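In: the following block contains a protein sequence and its predicted model.
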Amino acid sequence: MNITEILTGTIRTVNELSKKRGYNRYIKRYPLEKMFILLLYQQYSGMKYGRSLTVHLGKMVGATAHTVSQSELSKKLSYRLPIEPFKDAYKLLLAQVQRQSGKRIRKLKQMVRIVDSTALSASSTMKYAKHRQNKNGFKMHTVIDGNYFPVSFKLKNGKSSDKKSLKWAVKEGFLYLFDRGYNDYRQFKWISDKHAFFVTRALGNIQYTTSKNKKVGYRQKEYGIISDKHIEVAEDRKQDTRLRLRMVTFGFVDSKNQYREFSLLTNLMDLRSDEIAKLYRERWNIEVLFRWLKTFLKMGHWLSRSINGVLIQIYTALCSYLMARLAKMGNQKIYRIMKDATYDFLREFTKAMSFPHYSNIEGILAGSS
């Protein structure tokens, strides 16, 4: 799919949602579809603040009467725009990219879900996002699939615990990769009882007893596997209950050319040790998603201080990311890296808004209806 098809298809989706559920019933100016386009433009253009965005759009359009003001933008995000159509647009885009990439992915990778959290800033007036005594902030707990598409997230205040924010993500039959910040042996037992799987990094001070040493083959040694054993750890010291796990230790040279060793814990008893090590390496790809959303897009620079506006911007950023992934998948030869696609999206948006009275945007909306 090319940029125009992706853009038109996405706007058509939002347009259909708006008509079906009557989101524009009481709105005379700046309907949902146009606001969605403006918020996408903000993500791709890198405009951090509402004032700079509205002034920039006013100069592009050439008539400020036809642009949304900073106060109107803030009101729209705070309480006049519903979250649901942005959430629905994100889900439909997610289903689209998963269908397009589904045939290329191995069965094991289809089971993979990577879990992690990232910190997002919050202003001093956003009291609901309490982090520390004199600082506010969010934590965005996120799940991505084996193709690194964000499949779900939860937004909590900055002091929320990673350990207590894992259960919502776990579903039967999936394989979860997460870092050692989620280490909790009772939670590991709960994941196994739920017929799900996990691979995580062990804490440095782990105390365990070895019940079985597995043989490390030549192929595994080539990959850096040092040891592979079944262990028992204290699930609950008060009740003296033990949990049986598998520990795989492997060595590697990191990006700083330093040798390091990781010990991994898992309830996958039959998978080869080198496959388990390869799986854990996949975990780092969620950091690429976070970097994308916070650097190349502008998630974290809020145009509204309300939770409604924050969630709308997060869903818009996720839509922007998935649209860029769609463009990259459809034009592998044109876009060597995914960021190339964002330049084309920005150019199309700029063309659409560089005429008086948003004439080209109205054309996009009309063409998508």
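Out: In hand now; what should we look at?

In: show me where the stretch 201-350 of the chain has its helices.
Out: Here the stretch 201-350 of the chain has its helices, by DSSP state H, counting those that start in this stretch, at 218-223, 273-282, 285-291, 307-330, 339-353.

In: again, but for the stretch 51-200 of the chain
Out: Along the stretch 51-200 of the chain, counting by DSSP H, counting those that start in this stretch, helices occupy 70-75, 84-101, 107-111, 185-193.

In: can you report how many residues neighbour Tyr79?
Out: Residues contacting Tyr79 under the criterion other C-beta atoms under 10 Å number 12. In this view, the C-beta of every residue, glycine as well, is placed from N, C-alpha and C.

In: report the contact partners of the nearest residue to it once chain neighbours are set aside.
Out: Nearest-residue entry for Tyr79: Asn308, 6.2 Å, with adjacent residues in sequence omitted and distances by C-beta to C-beta, 6 or more residues apart in numbering. By C-beta atoms under 8 Å, 6 or more residues apart in numbering, the contact list for Asn308 reads Leu77, Ser78, Tyr79, Leu81, Ile83.

In: on that earlier part again, and the helices of the stretch 51-200 of the chain as a markdown table, adding distance to Glu282 and mean pLDDT?
Out: Below are the helices of the stretch 51-200 of the chain laid out as a markdown table (distance: least, C-beta to C-beta, whole Å; pLDDT from 0 to 100):
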| stretch | distance to Glu282 | mean pLDDT |
| --- | --- | --- |
| helix 70-75 | 39 | 86 |
| helix 84-101 | 15 | 92 |
| helix 107-111 | 8 | 83 |
| helix 185-193 | 18 | 94 |
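
In: of the ones you listed, which is nearest Asp236?
Out: Closest to Asp236 of these is helix 185-193 (C-beta to C-beta; 6.5 Å).

In: for Thr4, see how far away the closest residue to Ala341 other than its chain neighbours is.
Out: Leaving aside its chain neighbours, Ala341 sits nearest to Ala327 (3.8 Å; criterion: C-beta to C-beta, 6+ apart). Ala327 is 10 Å from Thr4, where distance means C-beta to C-beta, to the nearest Å.

In: between the two, tell me which one has more neighbours.
Out: The neighbour comparison of Ala327 against Thr4 (other C-beta under 10 Å) goes to Ala327, with 23 against 12.

In: hmm, that one is touching Lys339, no?
Out: No: in this structure Ala327 lies outside contact range of Lys339 using C-beta atoms under 8 Å: 10.8 Å.

In: follow-up on the earlier one: which residues touch the residue nearest to Ala341?
Out: Contact analysis of Ala327 by C-beta under 8 Å, 6+ apart lists Met1, Asn2, Ile3, Ile6, Tyr335, Met338, Ala341, Asp344, Phe345.

In: what does Ala119 give?
Out: Going by C-beta under 8 Å, 6+ apart, Ala119 touches Gly137, Phe138, Lys139, Gly158.

In: check those and tell me the two furthest apart.
Out: Across these, the longest distance by C-beta to C-beta is 7.4 Å; it joins Gly137 and Lys139.

In: shared neighbours of the two, anything?
Out: Common neighbours of Gly137 and Lys139, using C-beta under 8 Å, 6+ apart, are Ala119, Leu120, Asn157, Gly158.

In: got a pLDDT number for Thr249?
Out: Model confidence at Thr249, given as pLDDT, is 97.

In: which residues pair with it across the strands?
Out: Applying DSSP bridges to Thr249 gives these bridge partners: Ser227, Ser263.

In: returning to that earlier point: now the buried members of the shared contacts of Gly137 and Lys139.
Out: Leu120, Asn157, Gly158 (16 or more other C-beta atoms under 10 Å).

In: could you give the bridge partners of the first one?
Out: Leu120 has the following beta-bridge partners by DSSP bridges: Phe138.

In: any idea how far Phe262 is from it?
Out: From Leu120 to Phe262 the distance is 28 Å (C-beta to C-beta).

In: and the second one, by the same measure?
Out: Spatial separation of Asn157 from Phe262 under the definition C-beta to C-beta is 31 Å.

In: kindly report the same for Thr342.
Out: From Thr342 over to Phe262 the distance is 34 Å, taken as C-beta to C-beta.

In: one step back: so which of the helices of the stretch 201-350 of the chain is the most packed in?
Out: helix 307-330 (a mean of 22; mean count of other C-beta atoms under 10 Å).

In: now the angle from it to helix 84-101?
Out: Relative orientation of helix 307-330 versus helix 84-101 (axes from the mean of the first three to the mean of the last three C-alpha atoms, to 10 degrees): 20 degrees.

In: I figured Val253 was touching Tyr259, is that so?
Out: Yes: between Val253 and Tyr259 there is a contact at 5.6 Å, judged by C-beta under 8 Å.

In: what residues are shared contacts of the two?
Out: Common neighbours of Val253 and Tyr259, counting by C-beta under 8 Å, 6+ apart, are absent.

In: surely Leu94 touches Met323?
Out: No: here Leu94 does not reach Met323: they are 11.1 Å apart, not a contact under C-beta under 8 Å.

In: picking that back up, of the contacts of Ala119 - the most surrounded one?
Out: Of the contacts of Ala119, Phe138 is surrounded by the most neighbours, 25 neighbours in total, counting by other C-beta under 10 Å.

In: so how far is Val310 from that residue?
Out: Relative to Val310, Phe138 is positioned 8 Å away (C-beta to C-beta).

In: mutual contacts of these two, please.
Out: When contacts are counted by C-beta under 8 Å, 6+ apart, Phe138 and Val310 are jointly contacted by Leu155.
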